[in-house]
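**Q** Provide a 3D model corresponding to the input given below.
(one chain, ligands or ions: 1)
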Amino acid sequence: MERPLLLLDVDGPLNPFRAGRAPLPRGYLPHTIHGLRVLLDPAHGPALAALPFDLVWATTWEHDANTEIAPRVGLPALPVITWPVGADTAPGLCFKTPTVAAYTAGRPFAWVDDEVTDTDRAWLAARRDTPFLLHRVSARRGLRPTDLATLATWAATHAPDAAPIGD
Ligand SMILES: [Mg+2]
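**A** You can find the predicted model right below:
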């Protein structure tokens, strides 16, 4: 059986773009990519890859995430969700959410993003019958050990190879 998907945003969770300029948040290295200052932590890739998920990019970097971000955080090339241009979404709904729903149809998934809200959660809950976790990460702090622990706990419940409780 397939593992759950882990949808990864870049700006916010992996690049805490709202962090102050000095001091650099611990573990992060500054890069200039496409003229933008990007902070990335090379420990994030191994930590994410160790979780029992199939990782997918869910970022406006789209395919550039594989060339520009993956090598700098220690991830292999991953599948990429691409976003429709000019698509209208309901008020308050993240523009990514309908595309995420279509991409993840039939599979459990966790989604790490700095912009998801209860509106997205409710919209998805009304439209699907497989488990999902929307996990919001602050763009000021980026992905932290506590976030990884939340993902690991959720996966332990929803991953098909998770040991049954009481086993
Ligand atoms: Mg973001």
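
**Q** what residues does the protein have near the ion?
**A** Contact residues, the chain versus the ion (CB under 5 Å from the ion): 9, 11, 12, 114. From N, CA and C alone the C-beta is placed, and that goes for glycine too.

**Q** out of these, who's nearest residue 33?
**A** Within the residues of the chain next to the ion, proximity to residue 33 (CB to CB) peaks at residue 11, which comes in at 11.0 Å.

**Q** quick one: secondary structure of the residue lying closest to the closest one once chain neighbours are set aside?
**A** Leaving out its chain neighbours, the residue that sits closest to residue 11 by CB to CB, 6 or more residues apart in numbering is residue 17, at 5.5 Å. Here residue 17 is coil, with the state taken from DSSP: H, G, I helix; E, B strand; the rest coil.

**Q** residue 17 contacts residue 33, doesn't it?
**A** No. Using CB atoms under 8 Å, residue 17 is not in contact with residue 33; the gap is 11.9 Å.

**Q** closest point of this protein to the ion, which residue?
**A** residue 12 (3.5 Å; CB to the ion).

**Q** state the number of residues packed around that residue.
**A** Counted by other CB atoms under 10 Å, the residues lying close to residue 12 total 23.

**Q** what of residue 110?
**A** Burial measure for residue 110: 22 neighbouring residues, criterion other CB under 10 Å.

**Q** name whatever forms a beta bridge with it.
**A** residue 6, residue 133 (DSSP bridges).

**Q** name the residues of the biggest helix by length in the chain that are buried.
**A** Longest among the helix segments of the chain by residue count, using DSSP state H, is helix 145-158. Residues of helix 145-158 classed as buried: 147, 148, 150, 151, 154, 155, 158 (neighbour count, 16 or more other CB atoms under 10 Å).

**Q** residue contacts, the third one?
**A** Going by CB atoms under 8 Å, 6 or more residues apart in numbering, residue 150 touches 133, 135.

**Q** against residue 81, how distant is it?
**A** As judged by CB to CB, to the nearest Å, residue 150 and residue 81 stand 21 Å apart.
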